[in-house]
Structures are given as C-alpha cells and as structure tokens.
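S.K.: okay, here's the prediction I keep looking at, along with the sequence it came from:
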Amino acid sequence: MLQRRKFLQLSSLGLGAFSFSGFTKDKTATRKPIVISTWDAGIAANAAAWKVLGKGGRALDAVEQGVMVTEASQNCCVGLGANPDRDGFVTLDSCIMDENANCGSVAFLERIKHPVSVARRVMEKTPHVMLVGSGAQQFAVEEGFTLEPQKLSDDAKKSYEQWLKKSEYKPMINIENTNKKQTAFVPTKFDNGEWNHDTIGMVAMDAAGNLSGSCTTSGMGFKMRGRLGDSPIIGAGLFVDNEVGAATATGQGEDVIRICGSHLVVELMRQGLSPENACKKAVERIIKIKGAKAKEIQVGFIAINKQGEYGGYCIQKGFNFAVCYADDKNFMVDGKYII
Ligand code: SD4
C-alpha cells in the first residue's frame, strides 16, 4: 500500500520510476528525451534544444539548434563576438555527430555566424568529415551562408587591447561562478574583464532513443593563429555511439586531444561505467599525464548514456553543466572535481 502511494506521488510529479538525483533507479527505465550542455550558457541552449526534443523531434536537430543560440549570442564568447587569436582575428571551430556515426566538422573558420550549421552541411553534403580555413569558408558561402564583416565585438576589442599590453601566451583556465543560481544565461568574466570560457558542447537523446552531439567554440582566447583545439575533432571534443552514449569536452583542448577524450568517455561507458564515472576516469588520465601541471589547467567532460543517465567531471572546481529533461526541468549541475 505504502509502495503504491509512493509510486502514485512520483507519477503525479511526472517522475515515474526516476529518482530525484538524476539517475534511474529502475535499470530498465530510460529517461528520454534528455539534453545536457557545458557551462551556464547551456541553460539557454538546452531550452532551444528542448523545443525540438519536447515535440518528438530528432536529437540531431536539437543539438544544432541548441548551440546556435550560443553562437548567435553577443554576450557570449563562443561565436563571432568572441575573443580573437593573437593576430586579432576571430576563428571558429565546430563539429556535429548523429546516431549513425555521420559526422561533420569545420575549423579555423572566419566570418561565419553559425559554424555548427556549416559542420552539418559538411556531414550531409560532402563525402568528407572536416573542412578548414578558407576552404571551409568557401564551402559555407557556396551553401548560402552570409560572410559577416570582419569586426571584433566591443567586448572582444577591449579584451584584445588589454591582452596586447603584455601579449602573454598562457592557457586560460575555465572557471564558472557556481555560487550564482541562474535560470538564464548570464556570462561570467574574470576580474580583468576577460571571458572565462569559449565553448559549448551538447549531447542529447531524443524520444526515439537516438543520440547526437555538437560542439562549437572560438577556441582559446589569443591563441596562435591557426591553432585548433579539441572542439572540432571527432573523438576529442565530441563523440557519439548510438549503442552506448555520447560525450563532449571543454577546457584545455590540447589535453583533451592527447587522450581522445570524448571517445574515451564513451568507450568507458561501453565497459559499464556510469556517465559520471566515465568522465572521472578520463579526467584522471589527463591528471596522470600532466602531473604537477594538472593544477594549471581545466578540462571538463559531460556524458549521457542510452538509459538517459547523465554525469560530468572536471579537473578542478568551477565547471558546471546544464541538464534538461522536461519543460520545467532545465537546471545547472556543478561538475565534481579532483583537484
Ligand atoms: C579549445 N576546448 O579550443 C576549447 C576551449 C574551451 O571553454 O573549451 N573553452 O581548446
């Protein structure tokens, strides 16, 4: 009787067999649709993705439309409003992957507002996976994308001028202000006015149980011209395996590439680890490789599996991610950390 009353209470909240912690109690139950994405910009991006998923749409459409919100935001550092490279040019990297292992990617792309959509066209309209630089831009223009003016946003101009004073080339650690309870995206800056991160990675499962992911970035601020991080690299910044799960990464891209990070997370889930433990193991591997230098960097992974379980882990405090699985369930989760 008690059991039945408890079940009815949960059902009336629309939670059925799920626990409040975000993990399924009943191993046969699957939470879907679900979308998760990195950093606090993920709240707005998830909301856009949910417009697709909530209506029974495809995860691939959701992860494209979700991160397009972030790419278009003038208050964020992911798209054309972002920090430039050390020569003063904004260069964008992005990739996308669907449930059939189709994938597309663009890198070192300039003057295009939505690199994720160009990546999707590479996937759908070319025999290739990756286009870079002027070739990627040429393809985008041929596909009808507008060539935007080459102009820094006011914030990026200020940050760049500030950076030029010292022209110091050191990796920036991504730290989010996790004390704030945010319901809408409020960009966070370092005390010196610089943006603290420049990427959004998103993975989703739709009502049909299919997985997809996207990742899009302006890369590390004031990077060397031509530098690519993990974000446009399938297996590093993003990986999807429809039998197992999907993962994406943020932070110091060089160190994600070193371990094929997102692919590693998915393979660890294949071996039976939960999304959170798979992300943790991948973070531990980076820490082992970096030794004492690990405390100088940040890397965070997030992942979902086919049961709709989710998790994230990072090197050090300050990483968070947004989780959405209902109209009224779109919330931030602080990533657990090791250092
Ligand atoms: C890169 N992984 O280019 C990206 C940077 C990032 O939040 O995630 N910033 O290395």
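M.R.: Everything's here; your move.
S.K.: CA atoms for contacts and neighbours, from now on please.
M.R.: Will do.
S.K.: what residues does the closest residue to residue 245 other than its chain neighbours make contact with?
M.R.: Counting by Cα to Cα, 6 or more residues apart in numbering, the nearest residue to residue 245 once its immediate chain neighbours are dropped is residue 305, at 4.0 Å. Each residue near residue 305 by Cα atoms under 8 Å, 6 or more residues apart in numbering is listed here: 244-246, 269, 274-275.
S.K.: quick check: residue 305 vs the ligand, distance?
M.R.: Distance, residue 305 to the ligand, using Cα to the nearest ligand atom, to the nearest Å: 22 Å.
S.K.: cool, residue 109 as well?
M.R.: Counting by Cα to the nearest ligand atom, the gap from residue 109 to the ligand is 13 Å.
S.K.: partner residues bridging residue 217?
M.R.: Beta-bridge partners for residue 217, by DSSP bridges, are residue 93, residue 199.
S.K.: now swap in residue 329 and tell me
M.R.: The partner residues for residue 329, given DSSP bridges, come to residue 326.
S.K.: number of residues surrounding it?
M.R.: 12 (other Cα atoms under 10 Å).
S.K.: let me know the pLDDT of it.
M.R.: Looking at residue 329, its pLDDT reads 97.
S.K.: would you mind listing what in the stretch 201-339 of the chain touches the ligand?
M.R.: 219-220, 229-231, 250-253 (Cα under 6 Å from any ligand atom).
S.K.: report the lowest-confidence entry in the residues you listed.
M.R.: Minimum pLDDT for those is recorded at residue 220 (87).
S.K.: for the record, mean pLDDT for stretch 140-151?
M.R.: 96.
S.K.: the residues of the stretch 201-339 of the chain next to the ligand in helices, which ones?
M.R.: residue 253 (DSSP state H).
S.K.: centroid-nearest residue for this protein?
M.R.: Closest to where the C-alpha atoms of the chain average out (Cα atoms, centre = their mean) is residue 201, at 0.9 Å.
S.K.: let's have the residues of the stretch 201-339 of the chain next to the ligand in CSV, adding neighbour count.
M.R.: Formatted as CSV, these follow (neighbours: other Cα atoms under 10 Å):
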residue, neighbour count
219, 34
220, 27
229, 24
230, 30
231, 36
250, 33
251, 29
252, 22
253, 23
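S.K.: in strands, which of the residues of the stretch 201-339 of the chain next to the ligand fall?
M.R.: If you go by DSSP state E, those have 250-251 in strands.
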